[in-house]
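[1] sharing a model prediction with you, sequence too.
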Amino acid sequence: MNFTFSKPVGATSVKVECTENGGTRWVTYPSSLNEESTTFQIFINESYTFNMRIKLVVEGGMRAGDSNVVHFVLNH
């Protein structure tokens, strides 16, 4: 799954967080994002059923803060 976002100019840290429990516990998804990044990919094993939320977390710069949450469900 590909995600595209505006460049987080001036960011000191950019990371992707995900949760599978409705947002009670967020974990960092392995990625190598920085202030030049505008896309990232998440690889999904389509043989699983899941209910996941993902957000971008930016520290520093004009776009600091959490992004909107993307919610997706895969049922088999």
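    Received the coordinates, thanks.

[2] so, low pLDDT: which residues of this structure?
    Residue ranges of the chain with pLDDT under 70: 76.

[3] show me the contacts for the nearest residue to residue 1 once chain neighbours are set aside.
    Leaving aside its chain neighbours, residue 1 sits nearest to residue 42 (4.9 Å; criterion: C-beta to C-beta, 6 or more residues apart in numbering). C-beta here means a position set from N, CA and C on the backbone, and glycine is covered the same way. By C-beta atoms under 8 Å, 6 or more residues apart in numbering, the contact set of residue 42 is 1, 3, 16, 18, 29, 54.

[4] could you redo the last one with a cut-off of 10 Å?
    By C-beta atoms under 10 Å, 6 or more residues apart in numbering, residue 42 lies in contact with 1, 2, 3, 16, 18, 29, 30, 31, 52, 54, 70, 72.
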